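# With the input below, show me the fold.
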Amino acid sequence: MRHRKSGRHFSRPSAHRNAMLDTLATQLLDHEAIQTTEPKAKELRSVVEKLITLAKRGDIHARRIVASRLNQRDVNRADAADSKRHNEVLNKLFDDIAKRNANRPGGYTRIIKLGVRHGDNAPMCRIELVEKAVPEAVKPAFQATTAD
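Now for the predicted structure:
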C-alpha cells in the first residue's frame, strides 16, 4: 500500500531522482524554459517554486539552502568554469528571478503541453517561468541622421 507516500518515483533510486530534479531545476532557472516529459515537469514545478520562494527571502541562510539543493555548495572544484557557471545560476535566481517575482504570492511556473514524443509516445510539455525577463531595447540597424 502507498499510504502517505507522496511524489513520483520515476522507477529510480532516490539519489538518482534527486540529482535529476536538481539538474532540471538548474537548467530551468538558467534558461527560464525547458522541454521535458509531463510527469517530470509536474514534479519539477514543486522543486522550483520552493527555490524561488527561498530566493525571495534573500538572506545568506536561504542562499546556502538553495546552493545545496542545486549542487553548488562545492565552489572550490578544479573545474573553475563549471563552478563559475553554477554561481551565475545562483546569482541569477537571487538577483533577477526573485526580484521579478517579489509581488507574486506563488505560481511562478507554467506548464504547456506539447503532444507526444515520436519515439516512445511519452507526453511532452514545456515548463517555463511566468515572469519572463524583459529584453533590452533592440537598437535599429540603421539610424537616420538629419543634416543641419
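
# what's next to stretch 94-109, contact-wise?
Stretch 94-109 is contacted by residues 28-29, 45, 48-49, 52-53, 55-56, 58, 63, 66, 127-131, 133 when judged by C-beta atoms under 8 Å, 6 or more residues apart in numbering. The way it works is simple: take the backbone N, C-alpha and C, and place the C-beta from them, glycine included.

# now stretch 4-11
Against stretch 4-11 from outside (C-beta under 8 Å, 6+ apart): 17, 20, 39-40, 42-43.

# What remains of those if I keep only buried residues?
17, 20, 40, 43 (16 or more other C-beta atoms under 10 Å).

# Restricted to helices, list those residues.
With DSSP state H as the criterion, helices contain 17, 20, 40, 43 from among the buried ones among the contacts of stretch 4-11.

# can I get those in a markdown table with distance to residue 6 and pLDDT?
What follows is those, written out as a markdown table (distance: C-beta to C-beta, whole Å; pLDDT from 0 to 100):
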| residue | distance to residue 6 | pLDDT |
| --- | --- | --- |
| 17 | 13 | 94 |
| 20 | 17 | 94 |
| 40 | 16 | 97 |
| 43 | 10 | 96 |
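
# Residue 62 sits in which helix or strand?
Taking DSSP states H and E as the definition, residue 62 sits inside helix 60-69.

# and that helix, which residues are buried?
Quick answer for helix 60-69 (16+ other C-beta under 10 Å): 62-63, 65-67, 69.

# next one: stretch 33-48
In stretch 33-48, counting by 16+ other C-beta under 10 Å, buried: 34, 36-38, 40-41, 43-45, 47-48.

# how about those in CSV, adding distance to residue 106?
Rendered in CSV, the data for the buried residues of stretch 33-48 read as follows (distance: C-beta to C-beta, whole Å):
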residue, distance to residue 106
34, 20
36, 21
37, 24
38, 21
40, 21
41, 17
43, 17
44, 15
45, 11
47, 14
48, 12
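
# Name the nearest of these relative to residue 114.
residue 38 (9.0 Å; C-beta to C-beta).

# per-residue confidence for that closest one?
For residue 38, the model assigns a pLDDT of 97.

# cool, residue 134 as well?
Looking at residue 134, its pLDDT stands at 71.

# How about the one 5 residues further on?
At residue 139 the predicted local confidence, pLDDT, stands at 60.
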